[in-house]
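Undergrad: fold the following.
(2 chains)
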2 protein chains.
Amino acid sequence: MAPIINGRLLFNQLPNGLPVPGKTTVYDASETIDLETAPLNGGILVKILVLSADIYIISRMRDSSVEGRSSPFLLNQPIDNYGVGLVLRSEHSSFKQGDHIYGMLPFQQYIVMPPATAERFTVLSNDAGIPWSAYVGVCGMPGQTAHHGWREFSKAKVGETVFVTSGAGPVGATVIQMAKAEGLKVIASAGSDEKVAFIKSLGADVAFNYKTEDTREILAREGPIDVYWDGVGGEALEAAIDAASVGARFIECGMISVFTGEPYHVKISFNIVTKELKISGFIVTSLHQAHLSHFYETFPKLVKEGKIKYKEDVTQGLERAGHAIVDVITGRNKGKSVILVGEE
Amino acid sequence: MAPIINGRLLFNQLPNGLPVPGKTTVYDASETIDLETAPLNGGILVKILVLSADIYIISRMRDSSVEGRSSPFLLNQPIDNYGVGLVLRSEHSSFKQGDHIYGMLPFQQYIVMPPATAERFTVLSNDAGIPWSAYVGVCGMPGQTAHHGWREFSKAKVGETVFVTSGAGPVGATVIQMAKAEGLKVIASAGSDEKVAFIKSLGADVAFNYKTEDTREILAREGPIDVYWDGVGGEALEAAIDAASVGARFIECGMISVFTGEPYHVKISFNIVTKELKISGFIVTSLHQAHLSHFYETFPKLVKEGKIKYKEDVTQGLERAGHAIVDVITGRNKGKSVILVGEE
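TA: Coordinates of the predicted model:
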């Protein structure tokens, strides 16, 4: 079989603010691969099926000298993120042809993974029989973030009230459904009326568009809040501090407002002391040990049964992946953003 | 026995910023009491021996319509705070003449406490034989604040680093000694060279005057920090967030900076998420159930043995109590501020 094109999305230059497809990232079709003869050296050959576009990607588009938890993307290399791949060939005993794997994959069509890297992948059994794309969303990192963070930090009790920001995103949408299932009153916000409608369809008691309604007014009327799920930081965080009940738990999952728009300096206040707030920042990977097996035991089945709903915004092909990323960062996506790279 | 003067420190008007003795609080000698005949109605007659001047008092000098955790002082009534009293007469079975009691006492020389109020007091056995004044400081609310907060939230491990603000205050000084005893490296700050010398005498590894040295520089050199004991909020809190290690614990005990000087808007940042910070505000009374018995079992003995040191700044008489309070709020006191109201 002759070599075929192995398309890639390369990190081309640092963004100045928002990434710009064609500048920050460029699609490159200059590389080829021979799927039958490419040497594996004990590793596996993977065909990338689905990749995820997530907000946190912006934090990796930084100068590699800047410290941070996530590794920075390297210039002139493909960016990478969570994805699902199909094993085409394997020289590794943990994988066989036809396996579906989940983990960090480059934004390219095919990759030979060396053994040490391959060993970080999860082989997806998919006993529940849900679409593979769900494994980068509600059954992947975003769903895990919601599941782990909620179980670890919410200490939720029936009848309590939670405020969820970024409620239409794959994390927030999952949190809303977990909270409703546990008998909480759910207040949730998003940035468009279409997203608000989606939030309502998930069962949120109060859903509002934070661009057209005042968060402080809503919380004053519908609060106080016992749990705050923070995906945005900034003014919403400040409003939540002021609307919190004594002993409220704040789960700090993301702060998209830090990356978009002017930095907002939260009027962090004596309320943190007097309301005895418990504020927990977390990274999903730190909670895998405690919660990941429970996640895979429960979530795919709940999704299959329709007990946890999700919505996807599908982008076809790596050529458009740069736009999908910008859409997620700016909130223009209409569901969990997934990039379909290849078919089985 | 004829009636004698029962001097009182009355809350006279709301402060506009700092309290002003003679205006905010006034000493009043117009009331008298007959110690032999004053009716007890089932309660106890208490002679106030020692009262505490604490920073948090400023938060109670507010309009009574403003909500808050601590009760606001009432105009034209004596202010109150933690103190030690001597029972002169009792009609309550839980107390007998000669008992020393600890609890919330008014700033006056004598008080008849009704039964329901009396029942909130702790009878101090003082088996350790330490000065009664210690029971409003290192063995009272400030010591309990340090003890409870540290045990509940620090999750300290040998070899970790803690940064303690207000290190010369009765809370901070106690935290420093607990941290050293548990094998941590201690960085501590205070607002005068004299206080810094006191902090060093307690065993702090690094002690600095935050008014003449740069907190960020010190933390960059001596950090990162695994635990932050916050008594001040504001810029120190912001510097601590930026100097924190992954998984650091922030114990939010006080935010004096909120009350003195211009409000400072903390640049609360994505670091809370990426560093997975755990920030816990607390009020000492909420932790009594879990930690108070351990406190009374251990602290007076440790103080008696010199294993926990303390320093007092003594004010004689209620007439000067208003000045003692301002000194504490502005940091001019030179040790735990205690007001000696009466002698046994």
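
Undergrad: backbone dihedrals for the closest residue to residue A:85 other than its chain neighbours, both of them.
TA: For residue A:85, the nearest residue in space outside its immediate sequence neighbours is residue A:46; the separation is 3.9 Å by CB to CB, 6 or more residues apart in numbering or on different chains. Backbone N, C-alpha and C define where each C-beta goes, glycine included. Geometry field for residue A:46 lists phi and psi as phi -120, psi 130, criterion degrees, to the nearest 10.

Undergrad: quick one: the strands in the stretch 1-150 of chain A, in order.
TA: Per DSSP state E, counting those that start in this stretch, the stretch 1-150 of chain A has strands spanning A:4-5, A:8-11, A:25-28, A:32-33, A:44-52, A:80-90, A:100-106, A:110-113, A:122-123. These are given in chain order.

Undergrad: out of these, which is the most enclosed?
TA: Relative to the other members of these, strand A:44-52 carries the highest mean neighbour count by mean count of other CB atoms under 10 Å in any protein chain shown, namely a mean of 25.

Undergrad: so how far is that one from its chain's centroid?
TA: Between the centre of strand A:44-52 and the centre of its chain there are 18 Å (CA atoms, centre = their mean, to the nearest Å).

Undergrad: adding mean pLDDT, write the strands of the stretch 1-150 of chain A out as CSV.
TA: Output for the strands of the stretch 1-150 of chain A, formatted as CSV (pLDDT from 0 to 100):
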stretch, mean pLDDT
strand A:4-5, 97
strand A:8-11, 98
strand A:25-28, 97
strand A:32-33, 98
strand A:44-52, 98
strand A:80-90, 98
strand A:100-106, 97
strand A:110-113, 98
strand A:122-123, 94
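
Undergrad: want to throw those strands into JSON lines with distance to residue B:75?
TA: JSON lines is the format used below for the strands of the stretch 1-150 of chain A (distance: least, CB to CB, whole Å):
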{"stretch": "strand A:4-5", "distance to residue B:75": "82"}
{"stretch": "strand A:8-11", "distance to residue B:75": "65"}
{"stretch": "strand A:25-28", "distance to residue B:75": "65"}
{"stretch": "strand A:32-33", "distance to residue B:75": "82"}
{"stretch": "strand A:44-52", "distance to residue B:75": "61"}
{"stretch": "strand A:80-90", "distance to residue B:75": "61"}
{"stretch": "strand A:100-106", "distance to residue B:75": "64"}
{"stretch": "strand A:110-113", "distance to residue B:75": "74"}
{"stretch": "strand A:122-123", "distance to residue B:75": "66"}
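
Undergrad: so which of those comes closest to residue B:215?
TA: Ranking the strands of the stretch 1-150 of chain A by proximity to residue B:215 (CB to CB) places strand A:8-11 first, at 36.4 Å.

Undergrad: just the C-alphas of that closest one, formatted as CSV.
TA: Listed next in CSV are the C-alpha coordinates belonging to strand A:8-11 (Å, rounded to 0.1, in the frame of the first residue of the first chain):
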residue,chain,number,x,y,z
ARG,A,8,-1.8,17.5,11.0
LEU,A,9,-2.8,20.6,12.9
LEU,A,10,0.4,22.4,13.9
PHE,A,11,1.0,24.9,16.6
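
Undergrad: check contacts around the residue nearest to residue A:142 when sequence neighbours are not counted.
TA: With sequence-adjacent residues excluded and distances taken as CB to CB, 6+ apart, residue A:142 is closest to residue A:170, at 3.6 Å. Contacts of residue A:170 were listed using CB atoms under 8 Å, 6 or more residues apart in numbering or on different chains, and they are A:137, A:138, A:142, A:143, A:146, A:310, A:335, A:336.

Undergrad: let's see 7 Å
TA: Residue A:170 sits next to A:137, A:138, A:142, A:143, A:310, A:336 when contact means CB atoms under 7 Å, 6 or more residues apart in numbering or on different chains.

Undergrad: low-confidence stretches in chain A?
TA: In the predicted model, chain A carries pLDDT under 70 at residues A:256-265, A:268.

Undergrad: tell me how it divides into domains.
TA: Recorded structural domains for chain A (assignment: automatic domain parsing) are A:4-137+A:310-340, A:141-285.

Undergrad: looking at those, which is buried most?
TA: Mean neighbour count (mean count of other CB under 10 Å) peaks for domain A:141-285 among the domains of chain A, with a mean of 21.

Undergrad: thinking again about what came up before, how close does the residue nearest to residue A:142 get to chain B?
TA: Between residue A:170 and chain B the computed distance is 17 Å (CB to the nearest CB, to the nearest Å).

Undergrad: turn the domains of chain A into TSV, including distance to residue B:219.
TA: Listed next are those as TSV, based on distance: least, CB to CB, whole Å:
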stretch	distance to residue B:219
domain A:4-137+A:310-340	15
domain A:141-285	18
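
Undergrad: residue B:127 is nearest to which of those?
TA: Of all these, domain A:141-285 sits nearest to residue B:127, with 32.3 Å by CB to CB.

Undergrad: for stretch A:223-233, the distance to its chain's centre please.
TA: The mean C-alpha position of stretch A:223-233 is separated from the chain mean by 19 Å, CA atoms, centre = their mean.

Undergrad: after the helix or strand residue A:236 falls within, next one along is what?
TA: Secondary structure here is read from DSSP states H and E; on that basis residue A:236 sits in helix A:234-243. Downstream of helix A:234-243, the next assigned helix or strand under DSSP H and E is strand A:244-252.
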